[in-house]
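coords please:
(chains A and B)
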Amino acid sequence: MDTSLIAALEGNIATVGYGLAAIGPGIGIGIIVGKTAEAMARQPELRGQLQTTMFIGIAFTEILTLLAIVTGFIF
Amino acid sequence: MQLVRLIILAVTLIVLAIIASRAKLVPGKAQSIVEILIEFVNNSIIQNTLGLREGKRFAPMLITMFFFIFAMNLGGVIPGLNLAGTSVIGMPLLLALWTFVTYVVFGVKKHGLGGYLKHETMPPGVPKPIYILLVPIEFLQVILIRWASLTIRLLANMVAGHIMMVVFIGMTQALLFSGSALIALAPFSGALAIGIYGFEIFVAALQAFIFTMLTAVYIQMATSDEH
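Below is the predicted model of the structure:
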């Protein structure tokens, strides 16, 4: 490998890690919101409760990506 | 940092105190905005999770929490302050520990120490051998993961938002003064920066909502009756 290629590869490898860490929760949040939309279309009167549950689910899923941000800073 | 927090705290307290002291039966503009926010917290967070009776008990704490976090988060999008009060770890940690102490204390008060641990770590309806695996996980979750994740969620959201705004505004500036054909890209970058700014306002409200919501859910989990 010649030196210019190595120079092009430098930088914080944590950014790649963050990208990888964003894949899973991205898919997860997509599924959560999609299913909630589906459920709200079926039962519009439960809208409030469904949204509440959706936000809790998003919060639990999202924490994985946010941990990745923090990990990038710490290590 | 402390100055920013102090300013936000003082402004919030003074504004709310003025509105509260002038409260009328027929609300004016400012009063109705505050009332809408309180109603929103009360209905969609507290009543939905804690129910009527328990909800009334914890309503002052949760509404305080919501307004406090919301005001602190908004500091990040106010020009001149430029920094969210919650974007340094002390503030989210304090709030999360407040939540932790609250749900443990009220859970222990309701079930007793042993009863509370059993209630939280041993969900009923699970085959016996799985408890070997489940109890340590749930115990760790109660004692560490819940408040740690509350802290990190709020902190990371605010820090990431701040960095994102810096990056986009910095990019606009760099493109604008690049002195080449790249200047043509500057308006798009500027528009993106403004979009991110709007998104940050939304995130500030959303994070305050989620934090309060999860606090309510944790309290509900700790104080709920046996099924």
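
Once you drop chain neighbours, what's closest to residue 61?
Assuming you mean chain A. Closest residue to A:T61 apart from its sequence neighbours, by CB to CB, 6 or more residues apart in numbering or on different chains: A:G28 at 4.4 Å. Placement of C-beta: from N, CA and C, glycine included.

oops, chain B please
Ranked by CB to CB, 6+ apart and with sequence neighbours excluded, the top spatial neighbour of B:M61 is B:T102, at 6.9 Å.

residues near the one you found, how many?
18 (other CB atoms under 10 Å in any protein chain shown).

got it, and the one 5 residues further on?
Taking other CB under 10 Å as the neighbour definition, B:G107 ends up with a count of 23.

element containing it, please.
Taking DSSP states H and E as the definition, B:G107 sits inside helix B:90-111.

How confident is the prediction for the residue nearest to B:M61, by pLDDT?
Listed pLDDT for B:T102 reads 93.

What distance do you get for it to chain A?
As defined by CB to the nearest CB, to the nearest Å, B:T102 lies at a distance of 18 Å from chain A.

and that residue, what is it in contact with?
For B:T102, the contacting residues are B:F58, B:M61, B:T215, B:I219, by CB atoms under 8 Å, 6 or more residues apart in numbering or on different chains.

any idea how far the third one is from B:A10?
Distance from B:T215 to B:A10, counting by CB to CB, to the nearest Å: 25 Å.

who has more neighbours, the two?
Taking other CB under 10 Å, B:T215 and B:A10 do not tie; B:T215 has more neighbours (27 against 10).

Where does the more buried one fall, secondary structure wise?
Going by DSSP H and E, B:T215 is in helix B:186-223.

Likewise for B:R146?
With DSSP H and E as the criterion, B:R146 is inside helix B:146-176.

other SSEs contacting that helix?
helix A:47-74, helix B:90-111, helix B:186-223 (3 or more CB pairs under 8 Å, 6 or more residues apart in numbering or on different chains; DSSP states H and E).

Return the shortest one as CSV; C-alpha atoms alone will do.
This file holds the C-alpha atoms of helix B:90-111, laid out as CSV (Å, rounded to 0.1, in the frame of the first residue of the first chain):
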residue,chain,number,x,y,z
GLY,B,90,-24.2,17.3,35.6
MET,B,91,-27.7,18.4,34.8
PRO,B,92,-29.1,15.2,33.2
LEU,B,93,-27.4,13.2,35.8
LEU,B,94,-29.0,15.1,38.6
LEU,B,95,-32.4,14.8,37.0
ALA,B,96,-32.0,11.1,36.4
LEU,B,97,-30.9,10.5,40.0
TRP,B,98,-33.9,12.4,41.1
THR,B,99,-36.0,10.0,39.1
PHE,B,100,-34.1,7.0,40.5
VAL,B,101,-34.5,8.0,44.1
THR,B,102,-38.2,8.8,43.6
TYR,B,103,-39.1,5.4,42.1
VAL,B,104,-37.0,3.4,44.5
VAL,B,105,-38.3,5.3,47.6
PHE,B,106,-42.0,5.0,46.6
GLY,B,107,-41.6,1.4,45.4
VAL,B,108,-40.0,0.4,48.8
LYS,B,109,-42.6,2.4,50.6
LYS,B,110,-45.4,0.5,48.9
HIS,B,111,-44.1,-3.0,48.8
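
Any chance of the contacts of B:T102 in JSON lines with distance to A:F75 as columns?
Shown next, in JSON lines, are those (distance: CB to CB, whole Å):
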{"residue": "B:F58", "distance to A:F75": "38"}
{"residue": "B:M61", "distance to A:F75": "36"}
{"residue": "B:T215", "distance to A:F75": "29"}
{"residue": "B:I219", "distance to A:F75": "34"}
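
Any chance of JSON lines for these, columns pLDDT?
Compiled in JSON lines, the contacts of B:T102 are given as follows (pLDDT from 0 to 100):
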{"residue": "B:F58", "pLDDT": "89"}
{"residue": "B:M61", "pLDDT": "91"}
{"residue": "B:T215", "pLDDT": "92"}
{"residue": "B:I219", "pLDDT": "90"}
